[in-house]
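[1] Next input, structure requested:
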Amino acid sequence: MIYATLKTVHVLSIIVWIGGMVFAHFFLWPAVAQLEAPVRLRLMHDALGRFFQAVLVASLLTLASGVWMLGRVAKQVVQSGGNFEMPLAWTIMVALGVAMVAIFMHIRFVLYKKLARTVAASEWAAGDAALARIRTWVSINLILGILVLLVTLLRWAT
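    Down below sits the predicted model:
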């Protein structure tokens, strides 16, 4: 029961994170691109602030539930007399997931703070530059997230 609960938390957190990146990248950014800089940047600052709070929780839940599930499986294998070796697909998922969390932390605690400072100071050109860097890193994280999903789905298909 606990494993199923952890897996549910893990998957729901990933859905929030990847789904939010898809929404922001393909729908929100193009829709606000035609707005004047002060309106666009204030809107994106507010929207991304809310989204990044959710992703902070989602990323930490993803990490914690993933580590816990790995630990449970390893413990069960060892207790039954086996030797636990993490499958390649899991290793790839862990490596990409940790990279995604590190990238997100950079986005949230470095790039978003820069965006916040530029919006507060009404420095619209600098704000556009900060927002462009955020979008670039969100794109990279989205690609990594899709790779994790592909690894997961291809592993389950075999």
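[2] Show me what the host helix or strand of Ile15 is packed up against.
    Element membership for Ile15 (DSSP states H and E) is helix 2-23. Counting contacts by 3 or more CB pairs under 8 Å, 6 or more residues apart in numbering; DSSP states H and E, helix 2-23 is packed against helix 37-79, helix 124-157. Placement of C-beta: from N, CA and C, glycine included.
[3] Can you tell me how far the residue nearest to the spatial centre of the chain is from Pro38?
    For the chain, the residue nearest the mean C-alpha position is Trp17 (4.8 Å; CA atoms, centre = their mean). In this view, Trp17 and Pro38 are 29 Å apart by CB to CB, to the nearest Å.
[4] who touches the helix holding Ile15?
    Residues from elsewhere that reach helix 2-23 (CB atoms under 8 Å, 6 or more residues apart in numbering): 51, 54-55, 57-59, 61-62, 65-66, 68-69, 72, 138, 141-142, 145-146, 148-149.
[5] Just the buried ones among those residues, please.
    Neighbour counting over those (16 or more other CB atoms under 10 Å) leaves 51, 55, 58-59, 61-62, 65-66, 68-69, 138, 141-142, 145, 148 as the buried ones.
[6] Surely Ile134 is in contact with Ile107?
    Yes - shown here, Ile134 and Ile107 form a contact pair, counting by CB atoms under 8 Å, at 5.8 Å.
[7] hmm, back to that, out of the helices and strands packed on helix 2-23, the one nearest Pro87 is which?
    When those are compared by CB to CB, helix 124-157 sits nearest Pro87, at 7.3 Å.
[8] Mind giving me the packing neighbours of the closest one?
    Looks like helix 124-157 contacts helix 2-23, helix 37-79, helix 88-106, helix 112-120 (3+ CB pairs under 8 Å, 6+ apart).
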